[in-house]
Every structure is written in C-alpha cells, then in structure tokens.
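J.: The sequence isn't on hand, but the structure is:
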C-alpha cells in the first residue's frame, strides 16, 4: 500500500484466536528525532531499528535536503553524517512532509534559527492542520512564517539570521511544540527555557542529553521547566530505536478482544510519558503483563503479553493520563466497545487537531458498527456492549488517518460482522507491516 495513492478499501473479518509473536516496527517519535539530531551533530550517527514508514522516510529526505548525508544500509540500519548545529544549507526544493505532523513541526523547529528559507507542504490531511502552535513560538526567536489562511501549509519559513533565546510556556500539552522550541534553541545563543504545565513525552530531552547538549529538567510551581544552553557541539551517537508503543497498541488490543488470543509483543518502549494506554487497559481488567523489563538506549523496555480478556469493565480514564496516551485513544475506544459499562475519556481536545478530528472520526465509525457514543469538545464516552457484543458490519471513513484505519481493522477482528474502512493507504505512514504482521497472527484482512 502507498500512503498517498488511490484509496483502497480494507475489510477486517472476525478472526480465529490471534497467537504468536508480533514484532512491531521501531518507535516513530524516536526515529524522527534520531535523524534530526544526527543531522545536527558532527560526524556519523548510527541508527538501528529505524521505523521505515513514509513519515520517517520523509524526514530522512528533509535532512538530506539540508545537507546531511543519510545512508540506508538495509534492515532498519541507517547512518547520518551531520553538518553540525547551525550548519544547515538552504534546500533547493520544497520540503514535503507527507502525512507527518511530528515531522513537519520538528523540522520547522530545527531550521528556524538558521539563516535559510524553507517551504513546507504535505498531503491533504497535513495541509489542513494548524501550524500556528509552532510558528508562534518560533517567531519569538526571530523566524518569520507565511502560509495559507489559518496558519496552514503550504508555508514558507524564513529562519532567524540573529536568533535570540526564548522563555516559552507551552499553552497546551504538546511534545511537538516543546520539541520544536528546543530544537530551535540549539542554534540560539544563551539559554532557551520551555515550561510545561503538564508533562509530555520526553524523548527530545533524553536524546538531546545523549547527544551532549547541556539540558536540565526541573519541577517547579510553574510546571516542568526545561532549560537548554544553545550552540553546543552535538556528538554523534549509536542509537538503538526501541519498538513503538503506539504500534504495539494494535496487536495488544486485538488480542484482548479476540476470543482465545495470546500474543507476545517484544521489546516495547515503556517510557512513562508514553505507556498510559497499557496501564489503562490493566485498570479495565485486561490480561496484559510486562515481561523481561530492561533498559535499552536510555529508555525502559519490556515484552508485552496480551491475552483474550472477556471481563473488562468500562472506567473513567484519568484526564492527567491523556498526554501519555494521546495517540492511543482511538484504539482504546474500540476496546471500550467490548468492555461492560461506560468508558469516559476526558481532557482529550488535542485529538481534534491530529491527522483528523479523531473524536469525530471514531465516534462516526463506532456508531456505524452499532456502538453508542457521546462526545463533547474535549471528552467522549463509549457504552460497552460486552465481549462478543459488537455488531460490526459498518463502513468507516479513515479521513487519511493511519490510526483511525488501524483501529477499525482491530474492531473487525472481534465484531460479529466485518468492518470496512474506505481507505487503508494511510497505514503505511506509521506501520508499513501492519497487514502482514496481523495476518501472521491469524487476522483476516482483505483489500478492495
């Protein structure tokens, strides 16, 4: 499948027990950051386990356009020969970030304090997403942005020739915004300070420290205060990318709702700022265990074992957990459909400005498959129908959103009747092996 081609419907049929080992791809967030910081270091950064989905490949192309040498050795092994902080060349072409909000926002940050002009674009979904949340703080450094109405792509950014460091309070929890500001701060003199009222995934902070940047993180009355000293010489690294917890969510959740299933998902990154879904599933009564806990590349890792769980109950998901599982709410809502009782998800307005309005997209698809959903601006609830109680049979819109498409493919594995999405193409942006992997476990997926 292609992430940008002619729409190809996909249908998921009720599955026999899902069994086996699900080796999901590398973490997308860490893959993006590995390429970007590798390009800003001096020397060769070696990366193993890189996610080779469309989103990350677009970031690799962007780093090449900025003058870094990026080499694919095969099997997820890559090298990046960086040009150093402040060493980016002006690209000779438009930077196309495809479907990736993370990619475009982080790349905007890393170039905003260099004296270069860059034009960004993406697919129809990305070009509809607001960029002001990133361009507003980048303007404080001295960068200038001109885009379509509403701060949307295509957009041209003129980097600051004489950047100044900033102190910025992130208005809504967003790892993308935080990371963009920190990346911009690398080429600004002095100290750039980012304050988060609510902690978000901290891959950028961990990786910046690993590359040799002077960065501190402190908790204060204001929130989480991150201070970065600008103009470091970043040192190249060897990075082993852990497997993506957001991708692991799909085989894990499929096993929980498919009778007789027992699936092992090895080597999953369990950074506390990313693992909220798995704790939520355990709170619901899921038979989900962490085996062989360990640390790899500075990140906590474990093997996940998920078994069919017919006794799950609906719960009220703690709103303060939202930042640690924001991308997993769509598939959580599918699991909630197979639980008994209501599952309430609040504090999730960020879902309305993802690749699609994910609350609206999931609510529409769930209703099409016989599930009762209620929703508000920053909350939604799902009335569980119990194990084996979801009728299915619906056709759902994916809205060019990979997580929406995969979530409904999971639903079809446990529903009474097949579940179809209008377009399965977007799945390749984050999980290019989704179809063969799930089929190897026993899923029944068809195209066309």
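T.: That came through fine. What you see is a predicted model; the values in this text were computed from it and never measured. Numbers count the residues shown, from 1 in each chain.
J.: quick one: buried residues of the helix or strand hosting residue 78?
T.: Assessed by DSSP states H and E, residue 78 sits inside strand 77-83. Using 16 or more other C-beta atoms under 10 Å as the test for burial, strand 77-83 gives 78, 80, 81, 82, 83. The C-beta positions use only the backbone N, C-alpha and C, and glycine is treated the same way.
J.: wait, what's in contact with the residue of the chain positioned farthest from its centre?
T.: Going by C-alpha atoms, centre = their mean, the residue of the chain most distant from its centre is residue 162, 32.4 Å out. Applying C-beta atoms under 8 Å, 6 or more residues apart in numbering, we find residue 162 in contact with residue 142.
J.: Can you tell me the SS state at it?
T.: Three-state call for residue 162 (DSSP: H, G, I helix; E, B strand; the rest coil): coil.
J.: these two touch, right, residue 5 and residue 424?
T.: No - under the criterion of C-beta atoms under 8 Å, residue 5 makes no contact with residue 424, lying 10.5 Å away.
J.: what about these two, which has more around it?
T.: When neighbours are counted by other C-beta atoms under 10 Å, residue 5 and residue 424 differ, and residue 424 comes out ahead with 27 against 10.
J.: And residue 380, how far from residue 75?
T.: 40 Å (C-beta to C-beta, to the nearest Å).
J.: neighbour count winner among these two?
T.: Comparing residue 380 with residue 75 by other C-beta under 10 Å, the one with more neighbours is residue 380, at 24 against 10.
J.: check which helix or strand covers that one.
T.: Per DSSP H and E: strand 379-385 holds residue 380.
J.: Just give me the closest of the buried residues of strand 77-83 to residue 403.
T.: residue 78 (24.8 Å; C-beta to C-beta).
J.: Tell me the bridge partners for the closest one.
T.: Note on residue 78: beta-bridge partners by DSSP bridges are residue 47, residue 72.
J.: Would you mind listing the residues in contact with residue 445?
T.: Applying C-beta under 8 Å, 6+ apart, the residues near residue 445 are 10, 11, 12, 13, 409, 435, 438, 439.
J.: Give me the buried positions along the helix or strand that contains it.
T.: Applying DSSP H and E as the criterion places residue 445 in strand 444-447. Neighbour counts over strand 444-447 (16+ other C-beta under 10 Å) mark residue 445 as buried.
J.: neighbouring strands for it, and are they parallel or not?
T.: In the sheet, strand 444-447 lines up with strand 10-13 (antiparallel) (DSSP bridges).
J.: What is the neighbour count of residue 292?
T.: The burial count for residue 292: 9, using other C-beta under 10 Å.
J.: same check, this time on residue 168
T.: 23.
J.: Surely it and residue 194 touch.
T.: Yes - between residue 168 and residue 194 there is a contact under C-beta under 8 Å: 5.5 Å.
J.: what residues are shared contacts of these two?
T.: Common neighbours of residue 168 and residue 194 (C-beta under 8 Å, 6+ apart) are residue 181.
J.: out of the contacts of residue 445, which is most surrounded?
T.: residue 409 (28 neighbours).
J.: On the pLDDT front, check that residue for me.
T.: Residue 409 is assigned a pLDDT of 98 by the prediction.
J.: So residue 423: helix, strand or coil?
T.: coil.
J.: so what's it closest to, chain neighbours aside?
T.: Spatially, and ignoring its direct neighbours in sequence, residue 423 is nearest to residue 7 (3.8 Å; C-beta to C-beta, 6 or more residues apart in numbering).
J.: The one you found: helix or strand, and which one exactly?
T.: Counting by DSSP H and E, residue 7 is part of no helix or strand.
J.: ok, now which ones touch it?
T.: 422, 423, 425.
J.: neighbours around the residue nearest to residue 269 when sequence neighbours are not counted, how many?
T.: Once flanking residues are discounted, residue 269 sits nearest to residue 242: 3.6 Å by C-beta to C-beta, 6+ apart. Neighbour count of residue 242, defined by other C-beta under 10 Å: 23.
J.: Please apply the same query to residue 433.
T.: With other C-beta under 10 Å as criterion, residue 433 counts 17.
J.: That one touches residue 51, doesn't it?
T.: No - counting by C-beta under 8 Å, residue 433 does not reach residue 51; the two are 10.1 Å apart.
J.: what sits in contact with each of these two?
T.: Common neighbours of residue 433 and residue 51 (C-beta under 8 Å, 6+ apart) are residue 25.
J.: shouldn't residue 230 be in contact with residue 193?
T.: No - Residue 230 is beyond contact range of residue 193, at 11.2 Å (criterion: C-beta under 8 Å).
J.: Would you map the strands across the stretch 51-200 of the chain?
T.: Counting by DSSP state E, counting those that start in this stretch, the segments of the stretch 51-200 of the chain that form strands are 69-74, 77-83, 95-96, 117-121, 144-148, 152-158, 167-170, 191-196.
J.: list the helices and strands the fifth one packs on?
T.: Helices and strands touching strand 144-148, as assessed by 3 or more C-beta pairs under 8 Å, 6 or more residues apart in numbering; DSSP states H and E, comprise helix 132-141, strand 152-158.
J.: Might you list the low-confidence residue ranges for the stretch 251-400 of the chain?
T.: Under the criterion pLDDT under 70, the flagged ranges of the stretch 251-400 of the chain are 297.
J.: separation between residue 220 and residue 206?
T.: Distance from residue 220 to residue 206, by C-beta to C-beta: 20 Å.
J.: so how far does stretch 193-204 reach from one end to the other?
T.: Distance across stretch 193-204, first residue to last, is 14 Å (C-alpha to C-alpha, to the nearest Å).
J.: can you check stretch 424-432 too?
T.: 11 Å.
J.: So what touches that stretch?
T.: Among residues not part of stretch 424-432, those counted as contacts by C-beta under 8 Å, 6+ apart are 1-10, 24-25, 28, 51-55, 98-100, 125, 244, 246-247, 250, 355, 398, 400-403, 405-406, 409, 434-435, 447.
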